[in-house]
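J.: turn this into a model:
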Amino acid sequence: MATALQPAVVNFRNEPHCVELREVPLPVIGDEDVLLQVGAVGVCGSDLHQWTAEHSWPVNYPVILGHEFGGRIAALGSRVIGWKEGERVVSETAAIIDPNNPMSRQGLYNLDPTRKGFGYGVDGAMTRYVRVPARCLHRVPDSLPLKFAALTEPCCVAFNAVAQNVDILPGDRVAVLGPGPIGLLCAAMAKLRGADVAVVGIPRDEARLAIAREIGCTAIVSGLEEWAKSRDGLGVEGVVDAAGISATLKTAIDIVRPGGWVSKVGWGRAPINFSLDPLVQKNVKLQGSFSHNWPIWERVLVLLASGQIPIEKILGGVWGLEQWHDAFETMHHGSIAKAVIQVDSSL
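T.: Prediction:
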């Protein structure tokens, strides 16, 4: 009997552009898993970094890309309780965790050092069906289309970076370095908390900076220091480093005021080559921010369903699974902020 196959976007080697659409076997689920029929999957900057082989994390090749996704439950493992076939859900990214790790036992399984995620550690969702541990699931409100619900994950990254890990008071000024999807979502979260927000980019980022203006932020290409010090000369209360390079950390430390904070959410492969003495002298809190956990997902889904996160302004286009390369190219060139691959528009 022939094995059932499905198309999937596979990253097969650690070299630039070693991603292609392949036929792969349907996944086999375990007792505590569900088989999820994928409706939509977001294209993340990390997918692009694996596509260009510019990532800084280990990848289990070959692997199906895609860790921002939602769909309908197609089948249940024998020990899955509390879920029904046909329910619309989104999935967290922590596909493999050690439940006995001290971080997992605190509910911070996102910080379990053995954690492996979809799209690099195990097969992701740029395909028709994906195996998902039932513990990763969250119900999608009826009013929220899956093309938006699929972007719950990057919204959770932003929530963790700007709402969970740092304190923002109404009237604070926050600079966001990098107008990519995470930067724009961090800006939106900071606006929700009452901050005056500037999003900082370079000339090629104009399309994304236009989105920053649409969501009520100041867009800056030049003159950042003047904006940062315009109130009292000391700098901004907080900086979100979402640029994905190491060099912007120096900029963040330069413009933050004494007693302020820097939330570093963007990855950067290059070593830093500057003194951290100003961080010490200004008594600045440098906060790393990684991933998310169950309560963050539940809260963010409420924000999305109520329209408090302007996700429709950040989503720049929808492509089919066979057009994955067009989605990657369009997002990579910066003409949009966020691409979604709609695998099944009927869900």
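
J.: tell me the centre residue of this structure?
T.: With distances taken as CA atoms, centre = their mean, residue 154 lies nearest the centre of the chain, 2.8 Å away.

J.: for that residue, pull up the helix or strand it's in.
T.: helix 152-159 (DSSP states H and E).

J.: quick one: average pLDDT of that helix?
T.: Across helix 152-159, the average pLDDT comes to 98.

J.: show me what that helix is packed against.
T.: strand 68-76, helix 181-192, helix 294-305 (3 or more CB pairs under 8 Å, 6 or more residues apart in numbering; DSSP states H and E). To be clear about C-beta, it is placed using only N, CA and C from the backbone, and glycine gets the same treatment.

J.: as CSV, the ones you listed with mean neighbour count would be great.
T.: Converted to CSV, the helices and strands packed on helix 152-159 look like this (neighbours: other CB atoms under 10 Å):
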stretch, mean neighbour count
strand 68-76, 23
helix 181-192, 27
helix 294-305, 17
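
J.: out of those, which gets nearest to residue 345?
T.: strand 68-76 (11.7 Å; CB to CB).

J.: now whichever strand in the chain runs longest and strand 68-76, what's the angle there?
T.: Using DSSP state E, we find that the single longest strand of the chain is strand 33-43. Using axes from the mean of the first three to the mean of the last three CA atoms, to 10 degrees, the inter-axis angle of strand 33-43 relative to strand 68-76 is 160 degrees.

J.: how far away is the nearest residue to residue 57 once chain neighbours are set aside from residue 329?
T.: Excluding the flanking residues, the one nearest residue 57 by CB to CB, 6 or more residues apart in numbering is residue 120, at 6.2 Å. Computed as CB to CB, to the nearest Å, the residue 120 to residue 329 distance reads 21 Å.

J.: let me know whether residue 134 touches residue 34 as I believe.
T.: Yes: proximity of residue 134 to residue 34 meets the contact threshold set by CB atoms under 8 Å, at 5.5 Å.

J.: so what's residue 213 up against?
T.: Residue 213 makes contact with residue 219 under the criterion CB atoms under 8 Å, 6 or more residues apart in numbering.

J.: now the helix or strand containing it: average pLDDT?
T.: Element membership for residue 213 (DSSP H and E) is helix 206-214. Across helix 206-214, the average pLDDT comes to 97.

J.: then stretch 89-101?
T.: Stretch 89-101 comes out at a mean pLDDT of 98.

J.: got the CA coordinates for that stretch in CSV?
T.: Taking C-alpha atoms only, stretch 89-101 is exported to CSV below (Å, rounded to 0.1, in the frame of the first residue of the first chain):
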residue,chain,number,x,y,z
VAL,A,89,-6.9,26.2,17.0
VAL,A,90,-3.5,27.8,16.9
SER,A,91,-0.4,26.2,18.2
GLU,A,92,2.5,27.3,20.4
THR,A,93,6.0,26.7,19.1
ALA,A,94,7.5,24.5,21.9
ALA,A,95,7.0,21.2,20.1
ILE,A,96,9.4,19.3,22.4
ILE,A,97,10.1,20.2,26.0
ASP,A,98,11.3,18.3,29.1
PRO,A,99,8.4,18.4,31.6
ASN,A,100,10.8,17.7,34.4
ASN,A,101,13.2,20.6,33.6
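
J.: gap between that stretch and the chain center?
T.: Centre-to-centre, stretch 89-101 and its host chain are 16 Å apart (CA atoms, centre = their mean, to the nearest Å).

J.: quick one: buried residues of it?
T.: Buried residues in stretch 89-101, defined by neighbour count with 16 or more other CB atoms under 10 Å: 89-95, 97, 101.
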